[in-house]
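In: pasting the sequence and the predicted coordinates here, then a few questions.
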Amino acid sequence: MKKIWLIGAVALCGLLSYTAFAPSRELSMRARSHFSGAQSPVSAVHALDDGLALTPPMGWYPWNIFGEEPQNEKLIREIVDALVSSGLKEAGYAYVGPDEGICFYRQPDGRLTTNLERYPSGLRGLGDYVHKKGLKYALYTDAGTRTCSTEMPGTKDHEFEDMLQFADWRADYIKIDWCNTEGQDIVKTYTTICDAQRAAGRPVVHSLCSWGEGYPWRWASAVGHLWRTTADICAPGQADWARAMRMASANEKLAAFAGPGHWNDPDMMISGMPGISDSQSRSFFSLWCLMAAPLIAGNDLRSMSEATIKTLTNLEAIGINQDPMGIQGKIVWTDGTISLWAGKPLFDGSQAVLVFNQGRHPAQKQIAWPEIGVDAAAACYVRNLWTYETTGPLTGGVTVSVAPDDVAMLRVSMKNDFPLPPIIVADSYLVSLRSTGSAPQKLTGAITITNKGSVELSPWRVGEGLPAWLSVSVTKNGRSQTFTNTVSTAGLKKGLYHAVVRADNKEPVSGKPMSALYYDVDLEVTRDVKAKSR
Ligand code: GLA
């Protein structure tokens, strides 16, 4: 017996009648930077009320460094462990799991099944491991008949059964590629997949991966949380700086389409990969932070240099990316090889600013306050997010010196105070309880959620409609809050019970909703339990 409870309402996806142009993958790869499409959002309001990805998702995916090989359970577990031990988890990275790498097959009866040779614990077993580490589980599939390598089945014509299977594996994030989709209407296809995800009953971050094909920024906010705007950022194993800069430039033009719950995705990060210098890694990371791009690391987390760890875990830079306003910054001006990036007001009224030097020589530039949306007469404090120094108060503007391939990443504020927005870290996303005997029992399991940001949160509000066997209370201890899950087994039949608990909160300074928090509660009842005696 299996009972599944989902706490919190999830709306049906809106059906779209928008007709999209779908150039071939090859064409789109070549032409991507030229076809940014409309200048303003077509479907500005997305239909999702799952509260997911209200700030850009953070995590790790294998493709950039490994490609298809080696991808197996051992590798993903090692990466999960490295995510925790390196401090990336504490910096907010959460979504992790396999990309394309033969992790499942389709059985003759149509159902997906784990490739047990590569994933001996099963994809569900791996998901449980990820959740117990306080991380979120990411999986991969394709909207067509086969994945890009053609070695794995795509989800075409199996959308509803596949999404049920992904829910059973406990995926929290699904990347859905666009290979082998000849003749498919892109909007209808991704809408069907969204409907299937909703029907499966598990809230999931939907990452569309059509590399910009079909102009997803125009319509995909109604059916997903992020969409690739560009081709692959590198061939597996080696970063390609020039190519990454072309992707940044194409993605920058789409700033108007991004916002909480719907993000432009210029692909996984190359910071820390072979082929680029430490300053390029840092510049790349800064650009992704300023563009409110998903921060999905793509390097080998098991063998990172100190410099890479320092870059990827810079909470002041991450705070720019995770700002609850969710505004994508963009280029204000370009002067030869120097560019000024701004247009990203932050939750406390400060501004994020980036000066990027793509030239061969050190550069010095003057930034006048009005260029970054600040009153010319204002006296401002300037925080350098890489040197961790604050200067000010300065009137009129600031002068910065930037080394080649490097950035000056700044935060400009009227106050000498640079608070971090919420960055949420969990000790676990899975509560597993087991009852024995036929006498009623009360069992408890707790998870603790910590905010690494500097503003204290109100208590999380747990969604209505918990199943009768489960109650949840939240206690606050400074930056940490503990969710105590109490299970009463009275009257339950032998079987497996499952609930997904949702909790919501608001960022206190801006009042903006935070990404909903979800976790799983599993209960195994080993014998029929008597009802409580009166
Ligand atoms: C596409 C995607 C990549 C990766 C591969 C897997 O190229 O854009 O990120 O998922 O498929 O084959």
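Out: On my side now, so go ahead.

In: distance-wise, check the nearest residue to residue 314 once chain neighbours are set aside relative to residue 244.
Out: On the basis of C-beta to C-beta, 6 or more residues apart in numbering, the spatially nearest residue to residue 314 that is not a chain neighbour turns out to be residue 385, at 6.8 Å. For every residue, glycine as well, the C-beta is placed using N, CA and C. Separation of residue 385 from residue 244 (C-beta to C-beta, to the nearest Å) stands at 20 Å.

In: also residue 473?
Out: Distance of residue 473 to residue 244, computed by C-beta to C-beta: 47 Å.

In: equivalent analysis for residue 346, please.
Out: Residue 346 sits 25 Å away from residue 244, going by C-beta to C-beta.

In: more neighbours: which of these two?
Out: Counted by other C-beta atoms under 10 Å, residue 346 and residue 244 do not tie: residue 244 has more neighbours, with 26 against 22.

In: which SS class is the more buried one?
Out: helix (DSSP: H, G, I helix; E, B strand; the rest coil).

In: which ones are touching it?
Out: Taking C-beta atoms under 8 Å, 6 or more residues apart in numbering as the criterion, residue 244 is in contact with 233-234, 270, 284.

In: how about these, which pair is most distant?
Out: Taking C-beta to C-beta as the measure, these reach their widest spread between 234 and 284, a distance of 11.2 Å.

In: quick one: common contacting residues for the two?
Out: Overlap between the neighbourhoods of residue 234 and residue 284 consists of 244, 270, taking contacts as C-beta under 8 Å, 6+ apart.

In: SS state for residue 486?
Out: When states are read from three-state DSSP, the local structure at residue 486 comes out as strand.

In: against the ligand, how distant is it?
Out: Applying C-beta to the nearest ligand atom, to the nearest Å, the value for residue 486 to the ligand is 41 Å.

In: that residue contacts residue 433, correct?
Out: No. Assessed by C-beta atoms under 8 Å, residue 486 is found out of contact with residue 433, at 9.6 Å.

In: any common contacting residues for these two?
Out: Both residue 486 and residue 433 are in contact with 443-444, where contact means C-beta under 8 Å, 6+ apart.

In: which one of the two has more residues nearby?
Out: Neighbour tally, residue 486 and residue 433, criterion other C-beta under 10 Å: the higher count belongs to residue 433, 20 against 15.

In: just the C-alpha atoms of the helix or strand hosting residue 197, please, in PDB.
Out: According to DSSP states H and E, residue 197 maps onto helix 186-200. Written as PDB, here are the backbone C-alpha positions of helix 186-200 (Å, rounded to 0.1, in the frame of the first residue of the first chain):
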ATOM      1  CA  ILE A 186       8.100  23.200 -29.000                       C
ATOM      2  CA  VAL A 187       5.500  25.100 -27.100                       C
ATOM      3  CA  LYS A 188       3.000  22.200 -27.100                       C
ATOM      4  CA  THR A 189       5.700  19.700 -26.200                       C
ATOM      5  CA  TYR A 190       7.000  21.600 -23.200                       C
ATOM      6  CA  THR A 191       3.500  22.400 -22.100                       C
ATOM      7  CA  THR A 192       2.600  18.700 -22.200                       C
ATOM      8  CA  ILE A 193       5.600  17.900 -20.100                       C
ATOM      9  CA  CYS A 194       4.700  20.700 -17.600                       C
ATOM     10  CA  ASP A 195       1.100  19.200 -17.400                       C
ATOM     11  CA  ALA A 196       2.600  15.800 -16.800                       C
ATOM     12  CA  GLN A 197       4.800  17.100 -14.100                       C
ATOM     13  CA  ARG A 198       1.900  18.700 -12.400                       C
ATOM     14  CA  ALA A 199      -0.200  15.500 -12.800                       C
ATOM     15  CA  ALA A 200       2.500  13.500 -11.200                       C
END
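
In: that helix: which residues count as buried?
Out: With burial defined by 16 or more other C-beta atoms under 10 Å, the residues of helix 186-200 counted as buried are 186-187, 189-198, 200.

In: so which bits of the stretch 51-200 of the chain are right by the ligand?
Out: Residues of the stretch 51-200 of the chain lying close to the ligand by C-beta under 6 Å from any ligand atom are 63, 99-100, 147-149, 177.

In: okay, now the residue nearest to residue 314: neighbour count?
Out: When neighbours are counted by other C-beta under 10 Å, residue 385 registers 24.

In: circling back: out of the contacts of residue 244, who's the most crowded?
Out: For these, counting by other C-beta under 10 Å, the largest number of neighbours falls to residue 270: 28 neighbours.

In: wait, is it part of a strand?
Out: No. Assessed with three-state DSSP, residue 270 is coil; it does not lie in a strand.

In: ends of stretch 225-240, what's the gap?
Out: The first and last residues of stretch 225-240 sit 27 Å apart, counting by C-alpha to C-alpha, to the nearest Å.
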